[in-house]
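# how would this look folded up:
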Amino acid sequence: MMAFLAGCAEAEFAAVRDYCQVSDASVSRIATALDEAGYLRIRKGAVGRRPRTWLSLTPAGRTALTRHLAALQAIADAARTAGADAAEQG
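Model (predicted):
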């Protein structure tokens, strides 16, 4: 969900749900946890008479995502190095 939100300024709840292919309950639960962590902003409003919810990453959320992606890349790099070392020894 954070990766999807990183690509836009703000997204409607339904768009996040549909793109991530999860239930309303899952989006709600994750969004609440990320909001409590300070990573996500939840904005409620209406379009006409229909209530709507919009989600956006906070600056802290963008930083956390960047760090998480860097950590994943470091793991992949370490695995690649370990594989190359094993191939040289084998």
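# Do a quick rundown of the helices in this structure.
In order along the chain, the chain carries the following helices (DSSP state H): 2-6, 13-20, 24-36, 59-89.
# okay if I get the ones you listed as CSV plus mean pLDDT and distance to A46?
Quick note: C-beta positions are derived from backbone N, CA and C, even for glycine. Shown next, in CSV, are the helices of the chain (pLDDT from 0 to 100; distance: least, Cβ to Cβ, whole Å):
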stretch, mean pLDDT, distance to A46
helix 2-6, 97, 21
helix 13-20, 97, 13
helix 24-36, 97, 18
helix 59-89, 91, 25
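# Adding distance to G45 and mean neighbour count, write these out as a markdown table.
Below are the helices of the chain laid out as a markdown table (distance: least, Cβ to Cβ, whole Å; neighbours: other Cβ atoms under 10 Å):
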| stretch | distance to G45 | mean neighbour count |
| --- | --- | --- |
| helix 2-6 | 17 | 16 |
| helix 13-20 | 11 | 16 |
| helix 24-36 | 15 | 14 |
| helix 59-89 | 20 | 11 |
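# quick one: which of the ones you listed is nearest K44?
helix 13-20 (9.4 Å; Cβ to Cβ).
# one step back: if we compare the helices of the chain, which one ends up closest to G48?
helix 13-20 (14.9 Å).
# what angle sits between the closest one and helix 24-36?
Here the directions of helix 13-20 and helix 24-36 differ by 110 degrees (axes from the mean of the first three to the mean of the last three Cα atoms, to 10 degrees).
# Leaving out sequence neighbours, find the closest residue to L40.
Leaving aside its sequence neighbours, L40 sits nearest to L34 (Cβ to Cβ, 6 or more residues apart in numbering; 3.7 Å).
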